[in-house]
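> Dropping the sequence and predicted coords here.
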Amino acid sequence: MSFAAVAFFSVTLFTSCMGALFVDETGPIAATSNPVGKKVGTSSSTNVLGIVHVGNGGINKAAKEAGIKKISHVDQQRTSVLSLFTSYKTYVYGE
C-alpha cells in the first residue's frame, strides 16, 4: 500500500469517527422578541477527550456577568481540534 493510500485512509478514518480535524464556528442558540441591546455577557466551558468537562458556559451565567435583565439573543462559539479538545463560549446580548 502506498503512503498516499495510507494517509488518505487515516484521514478518512479520523474524520468519519471524530468529526472535522479543526472547527471554529459561531452560531445562534436562541432569540427573543426583545430589541438588540448594547450589553454582551460571556461564559465558557471546555471538554477534553470527552471525559473531562469543566466550566460554566450557561446563558444565566453570561447574562449575570453583564447585568443583562432582558435577553435579545444568544450565540455560541465552538472551537474543536480532532474532537479531542473542545471549547465553548456563550455570548448573551441584551439590556
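Good, I have the coordinates.
> In what element of secondary structure is residue 74 found?
strand 71-81 (DSSP states H and E).
> Please spell out which residues along that strand are buried.
For strand 71-81, the neighbour count (16 or more other CB atoms under 10 Å) marks 71, 72, 73, 74, 75, 76, 77, 80 as buried. The way it works is simple: take the backbone N, C-alpha and C, and place the C-beta from them, glycine included.
> now, the most widely separated pair of those?
Maximum pairwise distance in those, criterion CB to CB, is 27.2 Å, between 72 and 80.
> contacting residues for the closest residue to residue 29 other than its chain neighbours?
Nearest residue to residue 29, sequence neighbours excluded (CB to CB, 6 or more residues apart in numbering): residue 74, at 4.3 Å. Residue 74 makes contacts with 28, 29, 30, 31, 59, 62, 90, 91, 92, 93, as judged by CB atoms under 8 Å, 6 or more residues apart in numbering.
> burial of the third one, as a residue count?
Burial measure for residue 30: 12 neighbouring residues, criterion other CB atoms under 10 Å.
> Tell me what the spatially closest residue to it that is not a sequence neighbour is bridged to.
Excluding the flanking residues, the one nearest residue 30 by CB to CB, 6+ apart is residue 74, at 4.5 Å. Beta-bridge partners for residue 74, by DSSP bridges, are residue 30, residue 92.
> per-residue pLDDT, residue 74?
In the prediction, the pLDDT value recorded for residue 74 is 97.
> same check, this time on residue 20
For residue 20, the model assigns a pLDDT of 76.
> Name the nearest residue to it, ignoring sequence neighbours.
Residue 20's closest residue in space is residue 80 (CB to CB, 6+ apart), at 7.3 Å.
> Wait, the one you found touches residue 86, no?
Yes: Residue 80 is within contact range of residue 86, at 4.2 Å (criterion: CB atoms under 8 Å).
> ok, now how distant is the residue nearest to residue 30 from residue 55?
16 Å (CB to CB, to the nearest Å).
> got it, and residue 22?
Residue 22 is 21 Å from residue 55, by CB to CB.
> how about the helices in this protein?
Along the chain, counting by DSSP state H, helices occupy 3-18, 59-66.
> Spatially nearest residue to residue 38 (excluding sequence neighbours)?
residue 95 (7.1 Å).
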